[in-house]
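**Student:** Dropping the sequence and predicted coords here.
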Amino acid sequence: MAPARPGLRRVEQIMGTAISLDLADDLPAATLHELAGQTFDWLREVDARFSTWRDDSEVCRLDRGELPPAEASADLRAVLARCADLWRATDGFFDAYATGRLDPSGYVKGWSAQVASDRLVAAGAGNHCLNAGGDVVVRGLSPTGRPWRIGVAHPWDPTATCLVLAGTDLAVATSGVQHRGHHVRDPRRGVPARGLRSVTVVGADLGLADAYATAAMAMGESGVGWLDRLDDHLHAVVTDDARLLHSTTLPLAS
Amino acid sequence: MRRALLAITGLAAGTTALVVLKGSPGASQVATGERSPVVPAGSDPAALPGVAPTPDPSDPALSARATPGGRQSPTGRAGADAPRPAAPAPTTSAPRSTLRTVSGPQVTYEYGTLSVQITLSGTRIVNATGIGMPQSGQSGRRSDDVQATYSGTSGEVVRKQSADLDTVSDATATSEAYQRSLRAAIDRAR
């Protein structure tokens, strides 16, 4: 049996993926449950408002022209502004219109998880880990009192990791091929991106890290050089021919 | 890896609260099993207590098991339960309603054709299985390449045991074909 540990761990299914929250603060159980409830409520709200799978979502209504841009919520307008920034910053490789219609999902998941994490910190839960479908924010320390240890999945073996990171305040996003084929498209050529198997970006904001990882995947091999020139972000890349390249200052666990 | 399997299961939109774990032993009403946050490499998801059903997409027996009239429940009634009960001995749990399975249509995608089959207990989705997903033939071969080429200290693409991790970052993006078939299966189940 594992020893008792403070905190609370919960997994829910939202945004078509598994989202797990690990609260490591030694707070009263009722407080922890309330914080977890607020976190998942927020993520469900984001899903309802931003999903491209729900015809009544704000994003779909905007896309169909039923919702004038001026009447969109502040959150949606902020997300669209960030997507436009990212489109420029990535030379068009991050494209919220890559599918031919408005789909900001590539930014929304990371952004909403980052917002949730920031809210937890503000609410006094400064030690937690939030994993939204493989994109991770860690804050403070783990329940064992050490920095969080984050495995980066092995791109050819789902039962293994190829890197282990450790840190106290990190956003870690991985984009990749995994088992279902090349799912990241090169929005500029309209074909599946080739060259890279997996891109992990480490930064301070999960929305940015996720979008940068997606963009680098779409760039293919040239994405490695592009990642190298990014300020304030570190990366680990596995190429299709199984080479691993990573920033020399990547916070690898010892 | 359970996380990936959970993600697959979790595509069943609307299912919630698959796992609630609290640190102090005995405090959780949903799951009683103690577990580490990450499945050690190679472990069988079926062996883990306290976890929601974790389908193996390559396991055709799973769907058979979950079908009413299958070997778990000859009558398809009263005794029927999830293929893998969530907790070993919750004395307060009410008898569950009959399980049934609903298949989504076959959807063609880049690597073939897939169909998603969901298993329902009453109106609650307890399982989702992708049939026709890519198998690991090429993946297995490439893993060997990786091992052979980068098992030294200069390369980091070596399999690291996952037992001592708090979480894992991976690319669990959902396939559009999977979502289309899953969505149709859910619509059919209504």
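**Tutor:** Sure, I can see it.

**Student:** Which secondary structure state does the residue of the stretch 1-150 of chain A found nearest chain B sit in?
**Tutor:** Going by Cβ to the nearest Cβ, chain B is nearest to residue A:13 of the stretch 1-150 of chain A, at 3.3 Å. C-betas here are computed from N, CA, C, even on glycine. Of the three states, residue A:13 takes strand under DSSP: H, G, I helix; E, B strand; the rest coil.

**Student:** For it, give me the pLDDT.
**Tutor:** Per-residue confidence (pLDDT) for residue A:13: 77.

**Student:** so what's it bridging to?
**Tutor:** Note on residue A:13: beta-bridge partners by DSSP bridges are residue A:18.

**Student:** likewise residue A:154?
**Tutor:** Beta-bridge partners recorded for residue A:154 (DSSP bridges): residue A:157.

**Student:** So it is in contact with residue A:161, correct?
**Tutor:** Yes. Checked against Cβ atoms under 8 Å, the pair residue A:154 and residue A:161 is within contact range at 5.7 Å.

**Student:** where's the residue of the stretch 1-150 of chain A closest to chain B relative to residue A:27, distance?
**Tutor:** 25 Å (Cβ to Cβ, to the nearest Å).

**Student:** Which one of these two is surrounded by more residues?
**Tutor:** Between residue A:13 and residue A:27, counted using other Cβ atoms under 10 Å in any protein chain shown, residue A:13 has the larger neighbour count: 24 against 19.

**Student:** hey, which helix is longest across chain A?
**Tutor:** helix A:29-50 (DSSP state H).

**Student:** show me where chain A has strands.
**Tutor:** In chain A, the segments counted as strands under DSSP state E are A:8-14, A:17-23, A:128-132, A:135-139, A:148-154, A:157-167, A:169-176, A:185-186, A:191-192, A:196-203, A:234-239, A:244-246.

**Student:** any idea of the mean pLDDT in the last one?
**Tutor:** Here the mean pLDDT over strand A:244-246 is 88, rounded to a whole number.

**Student:** tell me which residues in that strand are buried?
**Tutor:** Residues of strand A:244-246 classed as buried by neighbour count (16 or more other Cβ atoms under 10 Å in any protein chain shown): A:244, A:246.

**Student:** does it come close to chain B?
**Tutor:** Yes. Residues of strand A:244-246 contacting chain B under Cβ under 8 Å from any Cβ of the partner chain: A:244, A:246.

**Student:** Likewise for the fourth one?
**Tutor:** Yes. Using Cβ under 8 Å from any Cβ, we find that strand A:135-139 touches chain B at A:135, A:136, A:138.

**Student:** Which one (most neighbours) among these?
**Tutor:** residue A:136 (32 neighbours).

**Student:** my read: that residue touches residue A:171, true?
**Tutor:** Yes. In this structure, residue A:136 is within contact of residue A:171 by Cβ under 8 Å, at 7.2 Å.

**Student:** Identify the contacts common to these two.
**Tutor:** Common neighbours of residue A:136 and residue A:171, using Cβ atoms under 8 Å, 6 or more residues apart in numbering or on different chains, are residue A:206.

**Student:** which residues of the stretch 51-200 of chain A score low on pLDDT?
**Tutor:** By pLDDT under 70, the low-scoring segments of the stretch 51-200 of chain A are A:158-159, A:178-185, A:189-193.

**Student:** where does chain B have its least confident helix or strand?
**Tutor:** Using mean pLDDT, DSSP states H and E, the weakest-scoring helix or strand in chain B turns out to be strand B:19-22, at a mean of 30.

**Student:** The stretch 1-150 of chain A against chain B: which residues are in contact?
**Tutor:** So the stretch 1-150 of chain A meets chain B at A:1-2, A:4-13, A:16-18, A:20, A:22, A:29, A:53, A:129, A:131, A:133-136, A:138, A:142-143, A:148-150 (Cβ under 8 Å from any Cβ).

**Student:** List only buried entries from these.
**Tutor:** A:5-13, A:16-18, A:20, A:22, A:53, A:129, A:131, A:133-136, A:138, A:142-143, A:148-150.

**Student:** contacting residues around the spatially closest residue to residue A:98 that is not a sequence neighbour?
**Tutor:** Leaving aside its sequence neighbours, residue A:98 sits nearest to residue A:187 (Cβ to Cβ, 6 or more residues apart in numbering or on different chains; 3.7 Å). Going by Cβ under 8 Å, 6+ apart, residue A:187 touches A:92, A:93, A:94, A:95, A:97, A:98, A:218.
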